[in-house]
Structure formats: structure tokens, C-alpha cells
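> With the sequence up front, the predicted model follows.
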Amino acid sequence: MRDGAEYFTAPAIAAQRRYEALRAYFLDEMPAAEVADRFGYSTASIHQMATLLRKGRLNLFAETRPGPKGPRKATGRLRARVLELRAPGHSVTEIAAALTREGLPVSAQTVWQVLDAEGMPRLPRRDEGRRGPPARLDPVRAAALPGWPDEPLTVPCDHAGLLLLLPAICDTGLPDLIRQAGYPATEALTSWHSIGTLLLAKCARKPRVSHAGTLADDAGLAFALGLTALPKAMHLGTYSWRIRRDSNRALLTGLVKALRPLGLATGEAGFNCDFHAIRHHGDQAVLEKHYVPRRSQRTRAVLTFFAQDHATSDMVYANAGISKAEQAAEIIAFADYWQQATGADPGLLVFDSRLATCKILDELPGRGIRWLTLRQRGKTELARLDALPASAWKPAIIARSGRYRRPRLHEDMIKLPGISTRVRQIAITNIGRDEPTLLITNDLTPPGKNLFARYAERMMVENELDAYIGGFHLDALTSGVPLNVDLDTTLTVVAGNLYRLLALKLSRYERATPETLWRDFLDATGTLHIDPAGVTCALNLRSHHPALIDAGFADLQTPIPWWEGRSLQFRFPPR
């Protein structure tokens with residue numbers, strides 16, 4: 001072969017390689033397998049290319065297109081049109097845009113080349129008022145309403161369903177409670193305006209303060225709070241850091257006093273108490289490590305404490321930022337809080353074994369406080385119980401659904417280190433565990449099976465915490481400083497009670513979770529019709545409106561204190 005034959009035998013370009021392969025297959029009649037090996041194809045690819053070529057669907061050579069290869073030449077009608085548009089004083093950018101709209105696409109640089117060739121100078125620099133993007137309107141700043149509108153007004157409200165909580169806010173007197181709790185105010189906003197916005201953001205299930213920006217554009221919700229506009233996330237974030245624990249505690253105290261006449265927070269059946277660790281996701285937070293059940297590990301977290309009224313299942317107390325040194329004494333702190341709020345010490349306190357030490361348990365009887373908790377199993381105690389005869393275990397029947405309704409119990413009085421008096425121990429078997437479960441208490445009156453059933457109901461506080469995590473994003477705030485978390489837990493308790501007051505008015509929703517109430521009723525849009533007498537909230541059609549109508553919301557007229565006594569009423573669309 002002559003020099004240069006390798007250009008044809010070993011083609012480097014893909015298109016030429018396809019051509020040479022098909023030429024060998026069709027003209028030289030080489031087998032497909034040999035062609036594939038020679039040119040680096042698979043046999044199936046050779047057959048496929050041959051089929052496409054036979055059908056005229058394979059183009060091996062690209063055809064060149066005739067026409068100008070350079071930029072558009074501004075001649076003829078285009079040049080005349082450029083000069084025509086420049087006569088009134090249009091800029092090159094404006095001329096290029098006008099020509100593009102007319103079907104003569106051209107760049108501003110080409111327009112300038114035409115004008116420069118004609119000897120036309122540049123336009124003089126325009127003043128600042130005629131340059132740049134359109135002027136923006138000044139942002140609306142949050143401020144108290146200057147007065148009630150004199151004329152009827154209609155305002156759309158993207159979160160109109162939240163207004164269903166205003167009757168509960170008025171029933172508990174929250175604006176006065178917030179003012180009396182000593183929350184800070186600003187020159188433009190009262191404490192109710194700031195805390196009320198944070199509370200509505202919590203009720204709207206916004207995970208963090210920074211997410212409250214989605215509420216800021218809702219003019220109807222701002223009017224409902226008595227504002228021209230809702231505060232932005234920056235104000236809410238900086239405001240939250242100014243709040244102290246004393247204000248949160250005072251608000252919870254006032255809330256309990258307001259809830260008791262409404263049938264909540266009675267404390268008659270005692271309280272379920274539990275710790276909850278809110279994990280911090282940063283690396284350099286000055287926080288202690290606590291066990292986080294959702295992660296099944298010890299990690300840096302803010303330890304919070306919650307107390308739940310057993311009879312009504314509503315949370316009545318929360319505290320955040322508890323250190324390990326203060327952890328055991330939190331039961332005493334709650335007892336002090338309840339005595340201050342109601343004038344009486346709490347009744348039966350039910351908690352797990354990690355909540356308090358024997359030293360704390362020894363202090364509670366002196367204050368007339370009954371307690372019930374678990375005792376950790378020790379080898380010596382388990383051996384003693386295992387040696388008991390079968391007659392020492394008494395069968396019992398627990399009135400509850402599900403399994404393990406027939407436990408066997410053994411009771412005796414024992415002496416524990418750190419507790420000055422003997423305590424009652426109840427050992428329970430036949431409940432699905434290999435070893436007995438040990439309960440200890442200073443309550444000597446109720447039957448053992450009742451105390452066992454009562455401790456089993458302590459799971460209510462864990463279920464409620466789980467509902468708060470899902471409904472109010474309790475675990476979302478991961479601040480490295482517990483101060484902000486304390487406000488978040490306080491608002492969670494307040495929001496949970498507002499939801500509960502709404503649920504108590506709705507048939508079959510008395511035990512509904514916050515997530516269910518939000519989905520069925522509160523996540524709704526509407527329109528506010530404002531007149532000199534008050535506000536009518538016209539809710540848009542939802543499938544669960546009959547439950548609200550049956551609960552009397554269609555006939556409800558609630559005087560709103562911050563509207564100077566003007567009323568709020570609801571209107572539902574006809575079906």
C-alpha cells in the first residue's frame with residue numbers, strides 16, 4: 001500500500017469510521033463479524049447501521065448550508081429603520097429591542113455600528129431618574145393600625161383558618177397575660193404584637209422563626225393582630241433573644257390560671273412528667289450531651305422538661321436548658337411552679353426512674369406530694385423475688401384494651417438508701433417481660449393494680465410529646481443557646497392548649513392531634529370583610545366545615561379586645 005493508506009484503513013473520525021465499515025460490508029462483502037473486529041464495532045452494530053442505511057435513515061456526510069457566514073450586514077431596510085428610530089432620540093438598546101419585536105433581530109452593537117458609520121454621535125448621558133430599573137415602592141413596615149377603617153374594606157387572607165383560634169385566645173386573655181409577664185416591647189410594636197406573631201407562626205406549624213417570612217405578606221392575618229403588616233423574620237429572631245425565662249414562666253403561670261375555669265389544667269388526677277432532649281446539629285455549641293431517643297445515642301442537646309395534666313392530657317409546664325446538675329431537682333421546680341400558679345402542691349407525680357434521685361424522692365412527702373416511679377432491677381432484689389412462692393403473687397385484672405390485662409402482683413414495704421421512710425414496692429409479672437417490673441411509691445392507699453394501670457398511662461405524656469414534635473415541629477429549633485429553645489417550648493405549650501380548646505368544641509375531635517386539627521380546619525384560606533362593627537371572616541369551602549357549623553362557629557360573635565371590642569364572626573359558603 002502506498003503512504004497515506006492508513007487514513008482509510010484506520011479512520012480516526014467517527015463518521016469516516018462508519019463509512020469505511022459500511023463500504024467494506026457492502027462493496028467488499030466482508031462478513032459482519034470481520035468488519036466489526038476490524039473497525040471496533042459489535043456485530044449487532046454493523047447490522048443495525050446496514051439496516052438504517054438501506055432505509056435511508058443514516059446520513060454519513062454533513063451538508064453545508066449556503067448563506068452568510070459572518071454577522072448580519074446592516075444594509076437596506078434594516079439600516080433605514082435604525083436611522084428612523086434614532087431620529088426621536090431612542091438609545092441603541094431601545095432600537096435593538098424594537099427591531100427584534102418587528103422580526104429583524106439585531107444586537108445593540110450592530111445598531112451602534114450603523115449609527116457610527118453615519119457619523120451620529122452618542123446620546124448625552126441621561127439623568128439618574130431615567131436610568132436603571134424601575135423604582136421600588138418603600139416596604140411596608142410593621143406597626144400598629146392607626147385606626148379602624150371608616151369605610152367597608154375587603155382583605156384577602158391566606159391563613160384565615162388561624163382566626164378560628166382567636167376565640168380561644170380571647171377566652172384565655174393571652175394579650176393581658178403577655179403584657180403582665182413582662183415581655184419586652186419596641187417603639188413600634190407592643191409585646192402582644194411580637195409574641196402574638198410568634199404564636200401564630202407556631203400555630204401555623206412553622207418550624208423556625210426564619211420560616212415565618214411566609215406569613216409576612218398576609219395582609220389579612222396582620223389586620224387580625226391589629227398591625228399594618230406582620231413583623232419580618234429578622235425582628236422576630238432578634239426579639240426572641242431578648243426574652244428571659246422569668247417572662248416565659250410568668251406566661252405559663254397565667255395560662256394555667258386562665259385554663260382552670262375552662263375545665264383544663266385541673267391537676268385532679270396528677271401529672272405525667274418527662275424529659276425530652278432536643279438535639280443540636282452544630283459542632284461547637286457549649287451544650288452538655290444527653291441521650292436522644294430518636295438517635296439512640298448521647299449527643300449535644302438542649303434538655304427540656306414537660307409536665308402534662310393527666311386528666312385532660314394538656315401540657316401545663318415546660319422548661320428548657322436544664323443542666324445535668326439541675327436535672328434531678330426539676331421535679332421540685334415544677335412543684336414550686338404549680339404551688340405558685342394554683343396555691344396548692346401537685347397531687348400524684350408519675351415519672352420514670354431517671355427523672356429524680358432518692359434524695360429528691362425523700363423531699364416530696366414532706367410537702368404532701370405523692371409520687372410513683374420505676375425502680376431499677378438489681379440482682380439481689382430479683383433473686384429475692386424469684387425465691388418467693390407462687391402464693392405470694394396475687395392475680396389481678398386490669399380494665400384496659402389490648403394484651404397483658406391479667407398481671408400478677410407482689411407488694412411489700414422496702415427501705416431504699418437515701419429515703420428516710422419505707423416505700424411501697426409493687427412487683428409485676430405476666431406482662432410480656434422476662435423479669436418483674438418494679439414500681440415504687442409513697443402512696444399507700446390505692447390498690448396495687450390501680451397504680452400499675454396509672455403508671456402505664458404515663459405513656460400519654462410521650463404520645464403528647466410525639467404529637468407536638470409532628471404538629472408543632474418541637475425538635476426543629478436546634479439553637480446552641482437554650483434561651484431561644486425555652487421560648488419555643490413555651491409557645492408550643494400555649495399553642496397546644498389553643499388547639500385543645502378548639503378541639504373541645506368540635507364533636508369527635510376532642511382527642512385529635514394538632515396535625516389533624518391543622519389539616520381539617522386551620523389550613524384554610526378566606527377573605528376578611530371589615531366594617532365599622534367588626535370583621536366577618538368568610539372561609540373558603542372545605543369539606544370539614546359542617547363540624548365547625550355544628551359547633552356553633554357560624555353563629556359565634558367574639559369581641560376582640562385589641563379591636564376595641566369589635567366582634568369577629570365567621571361565614572361559611574353554601575353547599
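Nice, thanks for sending it over.

> now residue 572: how far from residue 529?
Separation of residue 572 from residue 529 (Cβ to Cβ, to the nearest Å): 13 Å. For the C-beta atoms, the positions are set from N, CA and C on the backbone; glycine is no exception.

> so what sits against both of those two?
residue 538 (Cβ atoms under 8 Å, 6 or more residues apart in numbering).

> Residue for residue, what is the longest strand this protein has?
strand 297-309 (DSSP state E).

> That one: which residues count as buried?
Residues of strand 297-309 classed as buried by neighbour count (16 or more other Cβ atoms under 10 Å): 300, 301, 302, 303, 304, 305, 306, 307, 308, 309.

> what's the angle from the helix or strand immediately after that strand in the chain to strand 297-309?
Using DSSP states H and E, the helix or strand that follows strand 297-309 towards the C-terminus is strand 315-320. Orientation check (axes from the mean of the first three to the mean of the last three Cα atoms, to 10 degrees): strand 315-320 against strand 297-309 gives 150 degrees.

> Could you give the average pLDDT over the next helix or strand after strand 315-320?
Scanning forward in sequence from strand 315-320 by DSSP H and E, the next helix or strand is helix 324-327. Mean pLDDT, helix 324-327: 85.

> Show residues contacting helix 324-327.
Here helix 324-327 has contacts from 275, 288, 290, 303, 333, using Cβ under 8 Å, 6+ apart.

> Residue 53: how many residues sit nearby?
The number of residues packed near residue 53 is 16, by other Cβ atoms under 10 Å.

> quick one: whichever helix or strand it is part of to chain centroid distance?
Taking DSSP H and E as the criterion, residue 53 maps to helix 43-54. Centroid separation between helix 43-54 and its chain, computed with Cα atoms, centre = their mean, to the nearest Å, is 58 Å.

> again with stretch 407-427
Per Cα atoms, centre = their mean, the centroid offset for stretch 407-427 relative to its chain is 44 Å.

> for it, how far is the first residue from the last?
10 Å (Cα to Cα, to the nearest Å).

> Only the buried residues of it, if you could.
Quick answer for stretch 407-427 (16+ other Cβ under 10 Å): 407, 408, 409, 410, 411, 419, 423, 424, 425, 426, 427.

> for the fifth one, helix, strand, or coil?
Secondary structure of residue 411, reduced to three states by DSSP: H, G, I helix; E, B strand; the rest coil: strand.

> where's it relative to residue 392, distance?
In terms of Cβ to Cβ, residue 411 sits 10 Å off from residue 392.

> before we move on, what about residue 101?
98 Å.

> Which of these two has more residues huddled nearby?
Neighbours were tallied for residue 101 and for residue 392 using other Cβ under 10 Å; the higher tally belongs to residue 392 (14 against 9).

> Now do stretch 303-312, average pLDDT.
91.

> From the chain's centroid, how far away is that stretch?
Stretch 303-312 has its C-alpha centroid displaced from the chain centroid by 21 Å (Cα atoms, centre = their mean).

> Tell me the strands beside the longest strand of the chain, with direction?
strand 271-279 (antiparallel), strand 289-292 (antiparallel), strand 315-320 (antiparallel) (DSSP bridges).

> Tell me which of the ones you listed lies nearest to residue 432.
strand 271-279 (21.8 Å; Cβ to Cβ).

> okay, the closest one in PDB with CA atoms only?
Taking Å, rounded to 0.1, in the frame of the first residue of the first chain, the C-alpha atoms of strand 271-279 are listed here in PDB:
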ATOM      1  CA  PHE A 271     -49.300  14.900  86.300                       C
ATOM      2  CA  ASN A 272     -47.100  12.900  83.900                       C
ATOM      3  CA  CYS A 273     -43.600  14.300  83.800                       C
ATOM      4  CA  ASP A 274     -40.900  13.600  81.300                       C
ATOM      5  CA  PHE A 275     -37.600  14.900  79.900                       C
ATOM      6  CA  HIS A 276     -37.100  15.500  76.200                       C
ATOM      7  CA  ALA A 277     -33.700  16.200  74.600                       C
ATOM      8  CA  ILE A 278     -33.800  18.400  71.500                       C
ATOM      9  CA  ARG A 279     -30.700  17.600  69.500                       C
END
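
> pull the longest helix from this protein.
Selection of the longest helix in the chain by residue count, based on DSSP state H, yields helix 482-504.

> Next secondary structure after that helix?
helix 514-517.

> Which neighbouring elements make contact with that next one?
helix 459-472, helix 482-504 (3 or more Cβ pairs under 8 Å, 6 or more residues apart in numbering; DSSP states H and E).

> mind listing what the helix or strand that that helix is followed by pairs with, with the direction of each?
Sequence order places strand 526-531 as the next helix or strand after helix 514-517, per DSSP H and E. Within its sheet, and counting by DSSP bridges, strand 526-531 is paired with strand 153-157 (antiparallel), strand 534-539 (antiparallel).

> now the stretch 101-250 of the chain, which segments are flagged as low pLDDT?
The model of the stretch 101-250 of the chain has pLDDT under 70 over residues 125-140.

> Apply 80 and report the result again.
Along the stretch 101-250 of the chain, the model assigns pLDDT under 80 to residues 103, 124-141, 208-214.

> got it, and the stretch 401-550 of the chain?
401-404, 476-483.

> excluding its backbone neighbours, what's nearest residue 421?
residue 365 (7.1 Å; Cβ to Cβ, 6 or more residues apart in numbering).

> ok, that neighbour - how many residues close by?
Residue 365 has 16 neighbours, counted by other Cβ under 10 Å.

> swap in residue 510?
11.

> Dihedrals phi and psi, it?
phi -60, psi -30 (degrees, to the nearest 10).

> One more: residue 377?
Per degrees, to the nearest 10, the backbone of residue 377 is at phi -80, psi 130.

> and if you look at residue 346?
Dihedral angles (degrees, to the nearest 10) for residue 346: phi -70, psi 160.

> surely it meets residue 267?
Yes: counting by Cβ atoms under 8 Å, residue 346 does reach residue 267; the two are 5.9 Å apart.

> what touches both of these two?
residue 338.

> Who has more neighbours out of these two?
With neighbours defined as other Cβ under 10 Å, residue 346 and residue 267 compare such that residue 346 has more, 27 against 22.
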